[in-house]
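>>> heads up, no residue letters with this:
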């Protein structure tokens, strides 16, 4: 099994669950990523705060490609990503937990913006 990464979002933006935390950066084809490495229950974990360490990167400026390529270059094979969003569906109440059962991946799609 390869290395595990956690991509933290708004609700999980620090690596306090890890021990022996070291901060580092990596440059790749798409840009620079800032991440932390540590251990959790004896496993090596890479923690990447999606919005930056101090939650300063807004969603539309996150360099997703650099993040994913950087994690791959670090040997990550498993990613646990958190997310928090609102909903217009009134049947969902605050603090409800929703697990998605569909995923749309446009990474290899050919599309154009007009």
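The structure has been received and is ready for your questions. Note that this is a predicted model, so its numbers are computed, not measured.

>>> Now do the phi/psi pair for the closest residue to residue 8 other than its chain neighbours.
Spatially, and ignoring its direct neighbours in sequence, residue 8 is nearest to residue 49 (4.8 Å; Cβ to Cβ, 6 or more residues apart in numbering). In this view, the C-beta of every residue, glycine as well, is placed from N, C-alpha and C. Residue 49 adopts backbone torsions of phi -80, psi 110, taken as degrees, to the nearest 10.

>>> so residue 26 sits in a strand?
Yes: assessed by DSSP: H, G, I helix; E, B strand; the rest coil, residue 26 belongs to a strand.

>>> for it, what are its contacts?
Going by Cβ atoms under 8 Å, 6 or more residues apart in numbering, residue 26 touches 32-33, 35, 70, 73-74.

>>> hmm, which of these are the buried ones?
33, 35, 70, 74 (16 or more other Cβ atoms under 10 Å).

>>> Can you tell me the element residue 57 falls in?
Residue 57 is located outside every helix and strand, with elements delineated by DSSP states H and E.

>>> where does it land on pLDDT?
In this model, residue 57 is scored at 85, pLDDT.

>>> sorry, back to before: sort out for me which of the contacts of residue 26 are in strands.
Among these, the members found in strands (DSSP state E) are 32-33, 35.

>>> Need those residues in TSV (columns: pLDDT and distance to residue 61).
Formatted as TSV, the ones in strands among the contacts of residue 26 follow (pLDDT from 0 to 100; distance: Cβ to Cβ, whole Å):
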residue	pLDDT	distance to residue 61
32	95	13
33	95	14
35	94	17
